[in-house]
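*Asks:* curious how this folds, go ahead:
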Amino acid sequence: MTKKRIRDPIHGYIFLYPEEIEVIDTPYMQRLRYIKQNGTTYLTYPSALHSRFEHSLGTMKVAGDIIRTLNSKYGSLWKQEYKDENICNTLEKLARSIALIHDTGHLMFSHAGEKALEEQTEKLPKELQKFQKADFALHEMITAYLMKNTDLLERMKVDPNTAFNIFCSKDVNGLPWKVLSNLIRSQLDADKLDYFLRDGYFTGVEFGKIDIQRIISDLEVKKDALNRDVLCLSHRSISAAETLIMERYKLYRWVYLHHKVVLTDELINRVIYYAIEGDLLTFETVEDILFRENNAGGLVYITDDYVIHKVNSAEQNNNSIKMSKKYLKMLLERKLPKPLWKNLVERKEVLQELLGKFSGICANFQKRIELEDKIYDKLKSKFKNNFSREEIVIPYKKFDVYKLAVEAEEEIRISFDDKVEPLSDIRPVVKDIKHRAREEALYAYICLPTSLINNYRKDCINIVLKAVDEI
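*Replies:* Model (predicted):
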């Protein structure tokens, strides 16, 4: 079969089969060229302009490499166990196909845009309700919908129901389905192995460097307590697994949770939130969230640039659209308020015994808005400086993923000759990283006008403490 190749800065050449090229050329995949991988991170790390498109290609490549490695080790065994001579080919097609389209459900500005819709679930298309799953994010729900309601998987000559069940971590008869599920969603999945390397490379930081070849070559399959085939890493690569966890921690701590990244993601979330609230952005069907036809009959992708243009050019018909435009102006001109704290010491100094109460407020968007209003009123009564309500922002990033594999089901398993053990039981430093990750998660800030913090920081702290205490 004739294959084409694409040059990638992370993995070198990525080879594509004709049926994969056919899917790549669909609007569902092409739209991802215009969705930035890391939302507004480029406003802090200017070179972080890479997209969900190249990440999807990289994830497909990694998934294919992993399954070929496993086929070389266990293919003969699987043929006997599952009585299928073609099982190795089936597994590779499934792995590559699911990995290729795993991000087709991502929305404008990736997770930042997703957050705006999750705050207004009543605005979601009703078709998505049946795909709700407790541990599914919105983009995963949309991807699951596309797997069921488009011909993307059929074009790649895989069974849609089998692929859907694997994506949703459901049992599939006649396959080592748990291995494929681990390949899509686990601490060793193809998604993470690509974005650690890719995000580190494009942000320019020295984090995210992992020994991916060593990890892939030392992957093994063992039986778990339920007699399922699960993905493990040989004890020979304990150091590579430890490095992976440490590099992940650094990426989240210093890139994804950088105080300015949390702030700018919050601002674009509000741009989208108020645009939806003001009916500037409406979504009647799932496809409306992804693309729609223009008056000339051409396709318009709902992307990062679409949102910016739509809001920027909108008339201020209602207060919600006015708010959306104000937050967008702050982003486009990069006139950002300043956080009261940037590290743990400063946060403790500011919040003191009110830290717990503040954390509870942060989890609720409307409560944060209420606290911002209260802080604004108190600042206005204290100072006569010319500043606007929009300069009072409490950015918050919901961060379940920072748990770093607390559940044993998701933790990296290390295989020995006669047993399988969680990595954290073998390497105390991994357990320590998980503890530090929870303790050091600076996922919320209070941002105020720069002039006030520079000149009246102590007064600002007192006002903030009173406002928090009154909520």
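
*Asks:* for the residue located most distally from the centre of the chain, grab phi and psi.
*Replies:* Note on the chain: the largest separation between a C-alpha and the mean C-alpha position, by C-alpha atoms, centre = their mean, falls on K384 (41.1 Å). Main-chain torsions, K384, degrees, to the nearest 10: phi -100, psi 10.

*Asks:* tell me the confidence at it?
*Replies:* Confidence at K384, expressed as pLDDT, is 78.

*Asks:* now the one 5 residues further on
*Replies:* R389 carries a pLDDT value of 95.

*Asks:* show me what contacts it?
*Replies:* Residues counted as contacts of R389 (C-beta atoms under 8 Å, 6 or more residues apart in numbering) are 372-373, 376. All C-beta atoms are positioned from the backbone trio N, CA, C, and that covers glycine.

*Asks:* before we move on, back to that, what's the distance between the residue farthest from the centre of the chain and T59?
*Replies:* K384 sits 54 Å away from T59, going by C-beta to C-beta, to the nearest Å.

*Asks:* is I245 in a helix, a strand, or coil?
*Replies:* Secondary structure state of I245, per DSSP: H, G, I helix; E, B strand; the rest coil, is helix.

*Asks:* wait, it touches V430, no?
*Replies:* Yes: assessed by C-beta atoms under 8 Å, I245 is found in contact with V430 at 5.3 Å.

*Asks:* in the protein, where's the longest helix?
*Replies:* Longest helix of the chain, by residue count under DSSP state H: helix 52-81.

*Asks:* who touches stretch 346-362?
*Replies:* 340-341, 367-368, 371, 394, 396, 442-444, 446, 461, 464-465, 468-469, 471.

*Asks:* buried subset of those residues?
*Replies:* Using 16 or more other C-beta atoms under 10 Å as the burial test, the contacts of stretch 346-362 include 340-341, 368, 371, 394, 396, 442-444, 446, 461, 464-465, 468 as buried.

*Asks:* so which of those comes closest to L290?
*Replies:* Checking these against L290 by C-beta to C-beta gives Y396 as the nearest, at 26.7 Å.

*Asks:* and that closest one, what does it touch?
*Replies:* So Y396 contacts 262, 266, 362-363, 368, 443-444 (C-beta under 8 Å, 6+ apart).

*Asks:* in CSV, list those along with distance to Y17 and secondary structure.
*Replies:* Shown next, in CSV, are the contacts of Y396 (distance: C-beta to C-beta, whole Å; DSSP: H, G, I helix; E, B strand; the rest coil):
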residue, distance to Y17, secondary structure
V262, 40, helix
E266, 41, helix
C362, 46, helix
A363, 45, coil
R368, 48, helix
Y443, 41, coil
A444, 45, strand
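
*Asks:* closest one to N161 out of those, please.
*Replies:* A363 (36.8 Å).

*Asks:* any idea of the pLDDT on that closest one?
*Replies:* 84.

*Asks:* any idea how far it is from K93?
*Replies:* Counting by C-beta to C-beta, the gap from A363 to K93 is 42 Å.

*Asks:* neighbour-wise, which of the two wins?
*Replies:* K93 (22 against 11; other C-beta atoms under 10 Å).

*Asks:* next secondary structure after the helix or strand containing the more buried one?
*Replies:* Here K93 is covered by helix 87-101, with elements defined by DSSP states H and E. Going down the chain from helix 87-101, the next helix or strand is helix 111-118, by DSSP H and E.

*Asks:* tell me the mean pLDDT over that next one?
*Replies:* For helix 111-118, the per-residue pLDDT averages 89.

*Asks:* got the contact list for it?
*Replies:* 39-40, 106-107, 123-124, 137-139, 265-266, 268-270, 272-273, 276, 283, 289, 307, 398.

*Asks:* using CSV, list the CA coordinates for that helix.
*Replies:* The C-alpha coordinates for helix 111-118 follow below in CSV (Å, rounded to 0.1, in the frame of the first residue of the first chain):
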residue,chain,number,x,y,z
HIS,A,111,-9.7,23.9,27.1
ALA,A,112,-10.2,27.7,27.7
GLY,A,113,-13.1,27.8,25.2
GLU,A,114,-14.5,24.5,26.5
LYS,A,115,-14.7,26.0,30.0
ALA,A,116,-17.1,28.7,28.8
LEU,A,117,-19.6,26.2,27.4
GLU,A,118,-19.3,24.0,30.5
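
*Asks:* sorry, back to before: I'd like the contacts of Y396 as JSON lines, with distance to H435 appended.
*Replies:* Putting those into JSON lines (distance: C-beta to C-beta, whole Å) gives the following:
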{"residue": "V262", "distance to H435": "22"}
{"residue": "E266", "distance to H435": "27"}
{"residue": "C362", "distance to H435": "21"}
{"residue": "A363", "distance to H435": "21"}
{"residue": "R368", "distance to H435": "27"}
{"residue": "Y443", "distance to H435": "16"}
{"residue": "A444", "distance to H435": "20"}
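
*Asks:* wait, a helix at A144?
*Replies:* Yes: assessed by three-state DSSP, A144 belongs to a helix.

*Asks:* now it: how far from I184?
*Replies:* A144 sits 12 Å away from I184, going by C-beta to C-beta.

*Asks:* okay, and the common contacts of these two?
*Replies:* Jointly contacting A144 and I184 under the rule C-beta under 8 Å, 6+ apart are F167.

*Asks:* I6 in helix, strand or coil?
*Replies:* Per three-state DSSP, I6 ends up strand.
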